[in-house]
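Student: pasting a predicted model and its sequence here:
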Number of protein chains: 2
Amino acid sequence: MLSKKTKYGIKALTYIARKDEKLPVQASEISESENISQKFLESIMLELRKSGFLGSKKGKGGGYYLIKKPSEIKMTAVIRVLEGPIAMVPCVSLNYYEKCDDCPDEDACSVHKLMIQVRDASLNVLGENTLADIAFR
Amino acid sequence: MLSKKTKYGIKALTYIARKDEKLPVQASEISESENISQKFLESIMLELRKSGFLGSKKGKGGGYYLIKKPSEIKMTAVIRVLEGPIAMVPCVSLNYYEKCDDCPDEDACSVHKLMIQVRDASLNVLGENTLADIAFR
DNA sequence: CTTAAAACCTAGTAAACCGATAGGATTATA
DNA sequence: TATAATCCTATCGGTTTACTAGGTTTTAAG
């Protein structure tokens, strides 16, 4: 299941992308428009800034803006930052690999075999979709 | 992330499938061989029986056995029983649909759009794989 | 210079979920 | 009758989740 954090984060990025003005967008505006708890959203925006998706401007008239073009933001990257691994099991994760402490032999493991396929399928979809794709198409 | 319950459940089914003998397999045997807490596994086996994947025989010499042939057990079905919805968001789930309480318009929602694609990709993989595929191939 | 509006930061918290454990009751075999 | 297995219910510690509280800092505008 996708956490609300990730869901809200993607919605916020989408919201900013769809506003074609160059002015920064306030978290309060997004929170109202998208029905997201403001304080919670603030922490998410902060994370998105720290991970390089957003820039920010403090003070009156401040807000957040995209650092890259929507077409250059892959959804794999967004989800990895907000949600963590895309794989459903650590032992098939490319970026967060971890060996299972049960399971002596990964190659013999049926779960491993299956989850590699699921991972590849998901990776394929998320890698092909950019923020532009889901915001505008 | 896949829960241990689901992971253990799939491993247990695989174990039984790979034993070609007709005799029922004990939970204790599986728990030892696959390094799974016995009591925890017991509860999983029970669930797999109640949902129609396994039959059981009580008492001495008892155990669990597959009710259908491995090639007839789709992984979608197994995962839906043990893990719940395959979709990452309730609003794109086929079997466990739920409307988001934020989000007035699903068609305009970028998360919705993306997660439909992820769901279809996963569904495709899990629907094509049977227990036989992951146990023997 | 003051005020308001915004991001930024730290901490806490209620509820849910997870993985496991405890302790048996029931049933079947030998 | 003893033993071995499933079956059942309850509980529990730990972690995560989704959020809330309560500020501080920075900036722009009046």
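Tutor: Cool, the structure landed. Quantities reported herein were computed from a predicted structural model and do not represent experimental measurements.
Student: spell out which residues of chain A are next to DNA strand C.
Tutor: Within chain A, the positions near DNA strand C by Cβ under 7 Å from any atom of the strand are A:26-28, A:39, A:42-43, A:45-46, A:49-50, A:56-64. Every C-beta, even on glycine, is put in place using the N, C-alpha and C of the backbone.
Student: those residues in helices, which ones?
Tutor: Secondary structure from DSSP state H places A:27, A:28, A:39, A:42, A:43, A:45, A:46, A:49, A:50 of the residues of chain A next to DNA strand C in helices.
Student: ok, how many other residues are close to residue A:3?
Tutor: Residue A:3 has 12 neighbours, counted by other Cβ atoms under 10 Å in any protein chain shown.
Student: sorry, that was for residue A:137
Tutor: With other Cβ under 10 Å as criterion, residue A:137 counts 9.
Student: anything in stretch A:103-117 near chain B?
Tutor: Yes: interface with chain B: stretch A:103-117 contributes A:103, A:109, A:110, A:111, A:113, A:114, A:115, A:117 (Cβ under 8 Å from any Cβ of the partner chain).
Student: check contacts around the second one.
Tutor: The contact partners of residue A:109, taken as Cβ atoms under 8 Å, 6 or more residues apart in numbering or on different chains, are A:91, A:100, A:103, B:11.
Student: for residue A:37, give me its contacts.
Tutor: residue A:31.
Student: of the ones in helices among the residues of chain A next to DNA strand C, which is the most crowded?
Tutor: Highest neighbour count within those, by other Cβ under 10 Å: residue A:45, with 25 neighbours.
Student: in space, what's closest to residue A:137 - neighbours in sequence excluded?
Tutor: Nearest residue to residue A:137 in three dimensions, chain neighbours excluded: residue B:113, at 7.9 Å (Cβ to Cβ, 6 or more residues apart in numbering or on different chains).
Student: please consider this matter closed, and thank you.
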